[in-house]
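Student: next comes the sequence, and after it the predicted model I'd like to discuss.
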2 protein chains.
Amino acid sequence: MVRNLILIFLSIVFLGCQESSDNKIAIVIHGGAGTIVKENITPELERSYFLKLEEAIRVGYEILKNGGSSKEAVEKTIHVMENSPLFNAGHGAVLTSDGTAELDASFMDGETLDAGAIAGVKNIKNPISAAIAVMEKSPYVLLSSNGAEQFASEVGLEIVPNSYFITERRKTQLKAIQNKNEVSFYDPYIKDSKYGTVGCVALDVNGNISAGTSTGGRSNKKWGRLGDVPIIGAGTYANNECCGISATGWGEFFIRNVVAYDIAALVNYKKLNIKEASKLALEKVKDLGGDGGVIVLDKNGDVSMDFNTAGMYRAYINNEGELTVKIYND
Amino acid sequence: MVRNLILIFLSIVFLGCQESSDNKIAIVIHGGAGTIVKENITPELERSYFLKLEEAIRVGYEILKNGGSSKEAVEKTIHVMENSPLFNAGHGAVLTSDGTAELDASFMDGETLDAGAIAGVKNIKNPISAAIAVMEKSPYVLLSSNGAEQFASEVGLEIVPNSYFITERRKTQLKAIQNKNEVSFYDPYIKDSKYGTVGCVALDVNGNISAGTSTGGRSNKKWGRLGDVPIIGAGTYANNECCGISATGWGEFFIRNVVAYDIAALVNYKKLNIKEASKLALEKVKDLGGDGGVIVLDKNGDVSMDFNTAGMYRAYINNEGELTVKIYND
């Protein structure tokens, strides 16, 4: 009887400790960086971006608030952006020189350091889910091209015709770029030259950090070009001991600088905070001639959203549930 | 007249300084790591490996000794190994589950931090040259699959039928693996389960470090699997300020640990020497359940050839022209 009372007492103390332990949750997203300035964007389009960024991040935050995993929060948040034509990922992705959409995505689990990625796929509706499936249902980390499509089909992911991804806006954009013979990302609707990519990093109640990134790459790309997005360490990285990172920018420079892992290494090895590390990593990108942005979330729930372009579509919700959505350099 | 004499005097002093300046050159290669133990290899096959490793590294060293670039040394050295059926790269590469050869390669220039890579190609005779061509002749870093083939063809690289890469030894190997339903690299000729990949890092007389890696990946691989080799930061990295790295091992673990760049970060940020950094990076691979090896060459010409498998085909030539060739853990 006394023993039982002691056990009940200890249980109450233990549960009390759990309750009072300050397990922070937080989530941060980006929807691409570039020369995004207020005078070049209509109020209606600006409003669409603000609303969609808020919708996306609230989906992930609700999952975290209800005790869900950072993996699920990242996946479901990115689905909203992949399914929206506003961003260069999934439906509304930019087009290759052949007029098709070729998508890349990656995901990393900061608890296990497990990761998955797909590169150059044309028929998987939600590339971020395929990246997670590679991690969970194959012995591999990175699958490419037709083989990745076959894998996605075998594990039961939704397959769509390539035309699902293609919008009139991107066809106009491709034509404009091809007339100028450029390989870039110029959006005639908002006079915006930018790097469209979507990404999300989340910290769940168990202290697990996940990061994911999804993109259509660069307009008018050819020769099976892959950027930094499907590359763990370049476009995506997560480690519970440190932080999670998702990048958007001129992919080639992010590969050469191993940007996502460099930020983690600067935090882990040089003891910089995530804002200092992001700044330094982006300076190194600029030194080589590139630009872009990064979102970082550390194990304490602190957030950094840095970029060396004119603007970056971005949002975060902190531990108090406070939402911030921004587009311009403000 | 006096001015001319002064110029001649200054020139002699300048040339003398150049002569006496201690510009070190060095080169290191690997030909894969694995359970390579003396009792499982015939004396003839052992001799073939020793001779081919020596032949390959002497090609690169001669280039360096004659003032050639580390880029050329790495390319030509890797050609010797790609063209030999002894290694899992180029001719003699392992086969996918479909019985074809699918090759990956990457190259990085430590002076400019420029890089190039190709992934999942089936018809480019020397993948390392295609990686270098991507760096020099495209605005991209990483090209994949059919697009990469098309690029290689457009820039005039040698194209061969896929059958060029396929040897009887690898067909037997694939059959043995498929009978066991395994995805691995088991060499029945030397009872050797290993990670075949070739790599080279060189330091030239101008202090430029280059690194390159080339592979057929893993036997029986499917779904367009890509490993660490085409990934800058995972399988290959070079930076004159620090060192050059080429990895061989269970690629998935090398991607998740961003091994090549992690070694550079440990040297740059934590001030470890290359041997300490290699050891720590391989321990982190082992902690996750993987294994393999790395070769590292720093800006002083110091070399590290570390592995946590039973053996690794490897060789180096130091600044004094002294050759070391090793296979086992000795």
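Tutor: Structure's in. What do you need?
Student: any idea how far the most centrally placed residue in chain A is from A:Asn208?
Tutor: Chain A has A:Gly199 as the residue nearest its centroid, 1.3 Å off, counting by C-alpha atoms, centre = their mean. Applying C-beta to C-beta, to the nearest Å, the value for A:Gly199 to A:Asn208 is 17 Å. Using the backbone N, CA and C atoms, a C-beta is placed for each residue, glycine as well.
Student: wait, A:Val94 touches A:Gly216, no?
Tutor: Yes: contact status for A:Val94 versus A:Gly216: in contact at 4.6 Å, counting by C-beta atoms under 8 Å.
Student: quickly list what's touching both of the two.
Tutor: Taking C-beta atoms under 8 Å, 6 or more residues apart in numbering or on different chains as the criterion, A:Val94 and A:Gly216 both touch A:88, A:101, A:196.
Student: in CSV: those residues, plus neighbour count.
Tutor: Listed next are these as CSV, based on neighbours: other C-beta atoms under 10 Å in any protein chain shown:
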residue, neighbour count
A:Asn88, 29
A:Ala101, 25
A:Gly196, 27
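Student: closest one of those to chain B?
Tutor: Nearest to chain B among these, counting by C-beta to the nearest C-beta, is A:Ala101 at 14.3 Å.
Student: where does that closest one land in three-state SS?
Tutor: Judged by DSSP: H, G, I helix; E, B strand; the rest coil, the three-state class of A:Ala101 is coil.
Student: who's in contact with the nearest residue to A:Ile132 once chain neighbours are set aside?
Tutor: The shortest distance from A:Ile132 to any non-neighbouring residue, by C-beta to C-beta, 6 or more residues apart in numbering or on different chains, is to A:Phe107 (5.0 Å). Neighbouring residues of A:Phe107 by C-beta under 8 Å, 6+ apart: A:71, A:74-75, A:115-117, A:128, A:131-132, A:135, A:210-212, A:236.
Student: and the stretch 101-250 of chain A, which of its residues are near chain B?
Tutor: With the criterion set to C-beta under 8 Å from any C-beta of the partner chain, the stretch 101-250 of chain A comes near chain B through A:108, A:113-115, A:119-120, A:138-148, A:150-151, A:183, A:221-227, A:231-234, A:237.
Student: residue in the stretch 1-150 of chain A with the shortest distance to chain B?
Tutor: Going by C-beta to the nearest C-beta, chain B is nearest to A:Gly147 of the stretch 1-150 of chain A, at 2.6 Å.
Student: can I assume that residue sits in a helix?
Tutor: Yes: assigned with three-state DSSP, A:Gly147 falls within a helix.
Student: count the neighbours of the residue nearest to A:Leu113 when sequence neighbours are not counted for me.
Tutor: Nearest residue to A:Leu113, sequence neighbours excluded (C-beta to C-beta, 6+ apart): B:Arg256, at 5.2 Å. B:Arg256 sits with 26 neighbouring residues when counted by other C-beta atoms under 10 Å in any protein chain shown.
Student: got it, and A:Asn66?
Tutor: By other C-beta under 10 Å, the residues close to A:Asn66 number 10.
Student: then A:Gly249?
Tutor: When neighbours are counted by other C-beta under 10 Å, A:Gly249 registers 29.
Student: can you give me phi and psi for A:Ile29?
Tutor: Phi and psi for A:Ile29, reported as degrees, to the nearest 10, are phi -140, psi 160.
Student: so what's it closest to, chain neighbours aside?
Tutor: What sits nearest to A:Ile29 in space, not counting adjacent residues and going by C-beta to C-beta, 6+ apart, is A:Cys200, at 4.6 Å.
Student: sweet, I'm off.
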